[in-house]
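A.B. asks: Sequence first, then the predicted structure:
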Amino acid sequence: MSQQRVAVRCPSCSPATETIHEVLNRGGGVTVRCSECDHVHKTTLEEETTIERRVVVSQDGESIDAVVEIPPEERLVVGDEFLVETDEAILTARITSLEGTDGSRSDGADVADVETIWARAVGNVSVNLTLHPKEGTHDESRSVRIQVPGDESFVIGRTHEYGGEEFSVERILIREDATDYEREDYDFEGDSVLAKDVKRLYARDEDAQARAWSGW
């Protein structure tokens, strides 16, 4: 989720009137930074209240319905990641869309204006992999899906092994909900992309047994 904000008095610029502060640390008293003058100080907060919001998390083609508790002053943004507790497991999820109380969809909204959070699980992800043979033409390529930890990195030019496949990555397409990437397509030697941000991998098959599938 985005940085939590609270309204408290600032001893530097506003000792009598509350101003908006960012919460920096909750250990040993709450450390906050004033949005008006950037003064950092400690303060006390009233007991925090939360509101419940429905979240729908997609994982491997299935949808998991759950409820999360969020501070009412929180602002939600597509790409934010958070934990969702379900009956089966605790999932790390990334927001893909926000449905407003009026039924509209947006990329960012205050939690008070959100009816449903749409998300996908990114702790462990399925990655679409197109494998080209070591020799031959692209007509002999095949597509598989591999299960990978979401924070695992794929690197252009490096050989990886997952799901019984050994391959050298040649090109990576980026998912629409991924952040902090300058392009949607990476193919330069050394480029690195997290598995949870991958839309599709294109790679060269390095498995000797797999190379035999067409009888070369």
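C.D. replies: Yep, it's here.
A.B. asks: alpha carbons only for contacts and neighbour counts from here, please
C.D. replies: Fine.
A.B. asks: Find the centremost residue of the protein, please.
C.D. replies: Per CA atoms, centre = their mean, the C-alpha nearest to the average position across the chain is that of Arg94, at 4.0 Å.
A.B. asks: Would you confirm that that residue contacts Ala121?
C.D. replies: Yes - contact criterion CA atoms under 8 Å: Arg94 and Ala121 qualify, at 6.5 Å.
A.B. asks: Show me where this protein dips below the pLDDT cut-off.
C.D. replies: 1-3, 27-28, 47-48, 136-139, 208-216 (pLDDT under 70).
A.B. asks: picking up where we left off before, state the distance from the closest residue in space to the residue nearest to the centre of the chain that isn't next to it in sequence to Ile64.
C.D. replies: Leaving out its chain neighbours, the residue that sits closest to Arg94 by CA to CA, 6 or more residues apart in numbering is Glu81, at 4.3 Å. Note on Glu81: its distance to Ile64, by CA to CA, to the nearest Å, is 16 Å.
A.B. asks: And these two? Which one has more around it.
C.D. replies: Neighbour count, other CA atoms under 10 Å: between Glu81 and Ile64, Glu81 has more, with 19 against 16.
A.B. asks: Who are the contact partners of the more buried one?
C.D. replies: 1, 92-95 (CA atoms under 8 Å, 6 or more residues apart in numbering).
A.B. asks: Select only the buried ones of those in ChimeraX?
C.D. replies: Entered in ChimeraX, the line below selects the buried ones among the contacts of Glu81, by 16 or more other CA atoms under 10 Å:
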select :1,92,93,94,95
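A.B. asks: Take the contacts of Glu81 and keep only those in strands.
C.D. replies: Assigned to strands by DSSP state E, the following of the contacts of Glu81 qualify: 92-95.
A.B. asks: Is it possible to get a markdown table of these that adds distance to Ser192?
C.D. replies: Below are those laid out as a markdown table (distance: CA to CA, whole Å):
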| residue | distance to Ser192 |
| --- | --- |
| Thr92 | 21 |
| Ala93 | 21 |
| Arg94 | 20 |
| Ile95 | 22 |
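A.B. asks: State whether Lys196 is indeed within a helix.
C.D. replies: Yes - under DSSP: H, G, I helix; E, B strand; the rest coil, Lys196 sits within a helix.
A.B. asks: so what's it up against?
C.D. replies: Lys196 makes contact with 122-125, 149-152, according to CA under 8 Å, 6+ apart.
A.B. asks: Narrow those residues to just the buried residues.
C.D. replies: 122-125, 150.
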